[in-house]
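Visitor: model the structure of this input:
(4 chains)
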There are 2 protein chains.
Amino acid sequence: MDTAVTLDARTRLLQAALHLVRRQGWTATSVDALCADAGVTKGSFFHHFRSKEALGVAAAAHWGETTGAMFAAAPYHAPADPAARVLAYIDFRAALLHEDLGACTCFAGTLVQETWASHPALRAACGEVIRAHAATLEADLAAARPPGAHWAPDSVARFIQTVLQGAFVMAKATGSAETIREQIGHLRGYLVGLMEG
Amino acid sequence: MDTAVTLDARTRLLQAALHLVRRQGWTATSVDALCADAGVTKGSFFHHFRSKEALGVAAAAHWGETTGAMFAAAPYHAPADPAARVLAYIDFRAALLHEDLGACTCFAGTLVQETWASHPALRAACGEVIRAHAATLEADLAAARPPGAHWAPDSVARFIQTVLQGAFVMAKATGSAETIREQIGHLRGYLVGLMEG
DNA sequence: GTATCTATACCGACTGGTTGGTATGGTGAC
DNA sequence: GTCACCATACCAACCAGTCGGTATAGATAC
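Guide: Numbering: from 1, shown residues only, chains lettered A, B, ... in the order given. Take a look at the predicted model:
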């Protein structure tokens, strides 16, 4: 028993990265702080990761895997109508929100905003995670697209992520997660308009 | 002559902050780097600013003033129809884009994403700059709102900023400013739908 | 059974360099 | 003189990363 609490050091470091980087940013999160949060020593850190950047790349992949599994198992796939599934995804994203912005905002979006110009490997890893998540919406959007509509499913999938990422920034600026809910409402209205033809 | 090049040290430091923070982020931009970029010494830095954080607050205000003056003087206010003015603003934002993301993305959005939890003064300064810019759109949106429409001008003004901020994050993730243009296209379509009633 | 070998996981003191910030001194305008 | 402005030298704390070493477990040999 107890295996859920006693994770291996590598996984604890990845979780510490998600925890601290979402709250403090990448540069402000030191290797020592990551080790303290994970309850491991510096020797252990550099045994598992060649560098701080390598941990960041692995953490982005870890973020993609854990959130990917969570979304794959979520109930919004249930409706028979593809347009209803898209809107159920939007409502599911809204239901995930709470006032602790450090726990409900996007790790990849936060990380890439800070490292896009200086750390190409981190930029690529974050870009891939966001692209892959957006891609999971394309099939439902394509099926929900009225004949003759002037929009592309992949472009709308990116727009959904754009609004979410922007809402996270705006929420951090206003200090309240309520901002995100408001913006998701506008996004929902736009999608309804697109899909009802 | 030559006054445009020989700005005072304080202004050069503020411009250095805009230049470096937009490309490297807040924590990764050191006081020494700011001084080197501005061509001043550390003594001068701490003569004009009590701390690095104080420079950040002043830089956010400087960003609000310079961009505010630029938008106030922009041609998108010309159309007689308020809905046309809103769409002209959107098109103006699109026209400002180019491939150098470090020069066409938002200083306040970049800064607040990194400092919202750890530097309350910076968070407040960035939040105010973004709020003030969004507020400049409210009058035109209110005038363009069809009678009986179910949207609030201030909320839509925030949505416009949300999409722009999100598009900047997505552009950094994909590595191309073309992403921003695509997202602004969706935003334009949503606004047309809202304003034509 | 046990001695030996090998690989993985982990530890924490240490290093060279950087950080934000300070102390102090100079210099030109009024 | 004095005061705003700037320069230089300096500091303690902190940074990412290194290094010599230990602990443990499984495989192989005899």
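
Visitor: from residue B:192, how far off is residue A:111?
Guide: The spacing between residue A:111 and residue B:192, counted by C-beta to C-beta, to the nearest Å, is 34 Å. Backbone N, C-alpha and C define where each C-beta goes, glycine included.

Visitor: out of those two, which sits in the more crowded spot?
Guide: residue A:111 (28 against 13; other C-beta atoms under 10 Å in any protein chain shown).

Visitor: mind listing what the residue lying closest to residue A:71 once chain neighbours are set aside touches?
Guide: Excluding its sequence neighbours, the residue lying closest to residue A:71 (C-beta to C-beta, 6 or more residues apart in numbering or on different chains) is residue A:136, at 6.7 Å. Counting by C-beta atoms under 8 Å, 6 or more residues apart in numbering or on different chains, residue A:136 makes contact with A:68, A:71-72.

Visitor: out of those, name the ones that lie in helices.
Guide: Among the contacts of residue A:136, the ones falling in helices (DSSP state H) are A:68, A:71-72.

Visitor: top of these by number of neighbours, please.
Guide: Among the ones in helices among the contacts of residue A:136, residue A:71 has the most neighbours (other C-beta under 10 Å), with 17 neighbours.

Visitor: farthest residue from the center of chain A?
Guide: residue A:148 (32.1 Å; C-alpha atoms, centre = their mean).

Visitor: from DNA strand D, how far off is the closest residue to chain B within chain A?
Guide: The minimum distance from chain A to chain B, using C-beta to the nearest C-beta, falls at residue A:166 (2.6 Å). Separation of residue A:166 from DNA strand D (C-beta to the nearest atom of the strand, to the nearest Å): 28 Å.

Visitor: I'd like the mean pLDDT over stretch A:83-91, please.
Guide: Mean pLDDT, computed over stretch A:83-91, is 98.

Visitor: typo on my end, stretch A:153-162
Guide: Here the average pLDDT along stretch A:153-162 is 98.

Visitor: swap in stretch A:182-197?
Guide: Rounded mean pLDDT across stretch A:182-197 is 95.

Visitor: may I see the buried residues of it?
Guide: A:182-184, A:186-191, A:194-195 (16 or more other C-beta atoms under 10 Å in any protein chain shown).

Visitor: now go through these and say which are in strands.
Guide: When the buried residues of stretch A:182-197 are checked against strands using DSSP state E, none is located there.

Visitor: now those in CSV, with distance to DNA strand D?
Guide: Supplementary listing: the buried residues of stretch A:182-197 in CSV, determined by distance: C-beta to the nearest atom of the strand, whole Å:
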residue, distance to DNA strand D
A:182, 36
A:183, 33
A:184, 34
A:186, 38
A:187, 36
A:188, 40
A:189, 43
A:190, 40
A:191, 41
A:194, 44
A:195, 46
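
Visitor: contacts with DNA strand C among the residues you listed, please.
Guide: Checking the buried residues of stretch A:182-197 against DNA strand C by C-beta under 7 Å from any atom of the strand, not one of them is in range.

Visitor: tell me which of these is nearest to DNA strand C?
Guide: Nearest to DNA strand C, judged by C-beta to the nearest atom of the strand, of these is residue A:183 at 32.6 Å.

Visitor: does the nearest residue to the closest one once chain neighbours are set aside belong to a helix, a strand or coil?
Guide: Distance criterion C-beta to C-beta, 6+ apart; nearest residue to residue A:183, sequence neighbours excluded, is residue A:167 at 4.0 Å. For residue A:167, the secondary structure call by DSSP: H, G, I helix; E, B strand; the rest coil comes out as helix.

Visitor: count the neighbours of residue A:167 for me.
Guide: 28.

Visitor: quick one, helices of chain A?
Guide: A:9-24, A:31-38, A:42-48, A:52-72, A:82-95, A:101-104, A:107-115, A:120-135, A:138-144, A:153-174, A:178-195.

Visitor: most proximal residue of chain A with respect to DNA strand C?
Guide: Counting by C-beta to the nearest atom of the strand, chain A gets nearest DNA strand C through residue A:43, at 2.0 Å.

Visitor: how near is the nearest residue to residue A:20 once chain neighbours are set aside to residue A:18?
Guide: Of all residues not flanking residue A:20 in the chain, residue A:29 sits nearest, at 4.5 Å (C-beta to C-beta, 6+ apart). Note on residue A:29: its distance to residue A:18, by C-beta to C-beta, is 11 Å.

Visitor: which residue packs closest to residue A:32, ignoring adjacent ones?
Guide: Residue A:32's closest residue in space is residue A:42 (C-beta to C-beta, 6+ apart), at 6.8 Å.

Visitor: residue A:182 too?
Guide: Per C-beta to C-beta, 6+ apart, closest to residue A:182 is residue B:155, 5.9 Å.

Visitor: one step back: count of neighbours near the residue nearest to residue A:32?
Guide: For residue A:42, using other C-beta under 10 Å, the count is 12.

Visitor: repeat that for the one 5 residues further on.
Guide: The local packing of residue A:47 (other C-beta under 10 Å) involves 12 other residues.

Visitor: need the pLDDT of it.
Guide: Value for residue A:47, per-residue pLDDT: 93.

Visitor: quick check: the gap between the nearest residue to residue A:194 once chain neighbours are set aside and residue A:144.
Guide: Leaving aside its sequence neighbours, residue A:194 sits nearest to residue A:151 (C-beta to C-beta, 6+ apart; 5.8 Å). Residue A:151 sits 11 Å away from residue A:144, going by C-beta to C-beta.

Visitor: more neighbours: these two, which one.
Guide: Neighbours per residue (other C-beta under 10 Å) separate residue A:151 from residue A:144, with residue A:144 holding more: 22 against 16.

Visitor: give the contact list for that one.
Guide: A:81-83, A:85-86, A:195.

Visitor: closest to residue B:53 out of these?
Guide: residue A:86 (42.9 Å; C-beta to C-beta).

Visitor: how many neighbours does the closest one have?
Guide: 26.

Visitor: got it, and residue A:8?
Guide: Neighbours around residue A:8, by other C-beta under 10 Å: 9.
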